[in-house]
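# Provide a 3D model corresponding to the input given below.
(one chain, ligands or ions: 1)
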Amino acid sequence: PRLRLDVVSIFPDYLEPLRLSLPGRAAERGIVSLAVHDLRDWTHDVHRAVDDSPYGGGPGMVMKPEIWGPCLDDVCPDDAILVVPTPAGVPFTQAIAEELSAATHLVFACGRYEGIDQRVVDDAARRVRVLELSIGDYVLIGGEVATMVMVEAIVRLVDGVLGNAESHRQDSFSDGLLEAPAYTRPQTWRGLSVPDVLRGGDHAAILAWRREQSLARTRDRRPDLLAGEPDTDHGSRG
Ligand code: ADE
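Residues are numbered from 1 along each chain as shown. Next up, the predicted model:
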């Protein structure tokens, strides 16, 4: 495979949806391989305990280094990139997805949100590239859903996964703007019409309209994406 994915979790069944949809089909076609590992396989005690109370006090539990360490020694070779989903991470973006889609081996270490003992990350970083990544400013129960989000964003960018190599170059965010709205037949539906310009066949006019719509949407919904952008294209070609 072009890209190998390993995911470690205490809820391996939770990752099953990854086998469906796009990543799953990429796996069937041999472009991407996916293995899910149960962290508890690296426990030795009868209780299969993976966490303990935090030094310094506070709520919740912290995942034990003596379980994660040997697990990552086995699952994460030196030439892999280790991704640790955490709300305390660097924001995961389309640019990071593009970078990771060119990797050969990614390992995702799913912890509960209170976290994995930091020494696990610090120790792994002595031999592999480690990225602590957040998928957004909200708190999930654990890293599993965040891993699914990131895997889906990454795998669709891997060469050969999407039918049309062009189709992701125009995605929202790849040009820093939100996508323009899309329409298909019928021309009129429940009294709502498709914008005339899209049916006119004037390709330059269509591009200009989409650019205008992208800018308007971005200003309205995501002004943060335009902060620091040069203040151009106020419908000048539109
Ligand atoms: N684990 C819990 N919340 C998360 C988030 N927002 N991003 C990544 N991993 C998480």
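# can you pull the buried residues of the host helix or strand of Trp209?
Using DSSP states H and E, the element containing Trp209 is helix 203-221. Buried residues in helix 203-221, counted by 16 or more other CB atoms under 10 Å: Ile206, Ala208, Trp209, Arg210, Arg211, Glu212, Gln213, Ser214, Leu215, Arg217, Thr218. Every residue, glycine included, has its C-beta placed from N, CA and C.
# likewise for stretch 59-77?
Quick answer for stretch 59-77 (16+ other CB under 10 Å): Val62, Met63, Lys64, Pro65, Ile67, Trp68, Gly69, Cys71, Leu72, Val75, Cys76.
# residues in contact with stretch 84-100: which ones?
Contact with stretch 84-100 is made by 81, 83, 106, 108-111, 113, 115-116, 121, 130-140, 143, 146-147, 149-150, 153-154, 157, 171, 173-174, as judged by CB atoms under 8 Å, 6 or more residues apart in numbering.
# which residues in the chain form strands?
Assigned strands in the chain, in chain order: 3-9, 32-38, 51-52, 62-63, 81-91, 105-109, 129-134, 188-189, 192-193 (criterion: DSSP state E).
# neighbouring strands for the third one, and are they parallel or not?
Using DSSP bridges, the neighbouring strands of strand 51-52 in the sheet come out as strand 62-63 (antiparallel).
# again, but for the longest one
Within its sheet, and counting by DSSP bridges, strand 81-91 is paired with strand 105-109 (parallel), strand 129-134 (parallel).
# any idea of the angle that strand forms with strand 3-9?
Angle of strand 81-91 versus strand 3-9, following axes from the mean of the first three to the mean of the last three CA atoms, to 10 degrees, is 70 degrees.
# near the ligand, which residues of the protein?
Pro85, Thr86, Pro87, Tyr113, Ser134, Ile135, Gly136, Tyr138, Val139, Leu140, Gly143, Ala146 (CB under 6 Å from any ligand atom).
# let me know the closest of those to Ala35.
Gly143 (16.4 Å; CB to CB).
# can I assume that closest one is in contact with Glu114?
No: the criterion here is CB atoms under 8 Å, and Gly143 misses it with Glu114 at 11.4 Å.
# which one's more surrounded, these two?
Legend: neighbour count by other CB atoms under 10 Å for Gly143 and Glu114, higher for Gly143 (29 against 16).
# how near is that one to Ala182?
32 Å (CB to CB, to the nearest Å).
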